[in-house]
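A.B. asks: need a 3D model of the sequence below.
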Amino acid sequence: MKALSRLALVVMLGLPRAGEACSCPTIPTPRQALTQASAVFAGKVLEVYRHDPRNFRVTFEVSRYCKGKIGAQTIALTMIESSLCGYGFETGKEYIVYTYSDLAGRLRVSLCSRTRPLAGASEDLEALGPGEKPE
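C.D. replies: As a prediction, this is how the structure comes out:
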């Protein structure tokens, strides 16, 4: 009976539970996030497309950038599941986007970054300055 109880305890504590949320360390300040990011830009979501079974491909119309070589349109990937730290972008909304490059050199966005709707990003916009218009 004790062995069965131990097995049940190991299963309950050792396996991830369905619906378990993404666990992020503390969110960095805008300046720290800028330093850590591969590219930072403000842009409007034009399309959210299921790229493969695990990722959404998000196309942005970029209004300005603060870091990285960003064109007038750029694409970033994010995990489909928020439990895997995927960011839930909405078509037509504007965001400040902090990305990192994956091993293949593609831009990625995580729920754990400072990415957020542009309307609620006054602290970021103030810290990052006006940025540059893409070509």
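
A.B. asks: which parts of this structure are helices?
C.D. replies: 2-14, 30-36, 122-128 (DSSP state H).

A.B. asks: show me what the last one is packed against.
C.D. replies: Meaning helix 122-128. For helix 122-128, the packing partners by 3 or more Cβ pairs under 8 Å, 6 or more residues apart in numbering; DSSP states H and E come out as helix 30-36, strand 94-101. For every residue, glycine as well, the C-beta is placed using N, CA and C.

A.B. asks: so which of those is the most surrounded?
C.D. replies: strand 94-101 (a mean of 22; mean count of other Cβ atoms under 10 Å).

A.B. asks: what helices or strands is that one leaning on?
C.D. replies: Applying 3+ Cβ pairs under 8 Å, 6+ apart, one finds that strand 94-101 contacts helix 30-36, strand 39-50, strand 55-67, strand 107-108, strand 116-117, helix 122-128.

A.B. asks: tell me the mean pLDDT over that strand?
C.D. replies: Strand 94-101 comes out with an average pLDDT of 97.

A.B. asks: ok, residues contacting that strand?
C.D. replies: 33-34, 36-45, 60, 63, 68, 76, 89, 107-110, 113-119, 121, 124-125, 128 (Cβ atoms under 8 Å, 6 or more residues apart in numbering).

A.B. asks: same thing but at 6 Å, please
C.D. replies: With contact meaning Cβ atoms under 6 Å, 6 or more residues apart in numbering, strand 94-101 is reached by 33, 37-42, 44, 76, 107-109, 113-115, 117-118, 121, 124.

A.B. asks: could you list the low-confidence segments of this protein?
C.D. replies: 1-20 (pLDDT under 70).

A.B. asks: go again with 50.
C.D. replies: Along the chain, the parts satisfying pLDDT under 50 run over 1-18.

A.B. asks: ok, back up a step: just say which of the helices and strands packed on strand 94-101 is most tucked in.
C.D. replies: strand 107-108 (a mean of 20).

A.B. asks: list the contacts of that strand.
C.D. replies: Ala39, Ala76, Leu77, Thr99, Tyr100, Asp102.

A.B. asks: now do Gln73 against Gly43, distance only.
C.D. replies: Per Cβ to Cβ, to the nearest Å, Gln73 is found 8 Å from Gly43.
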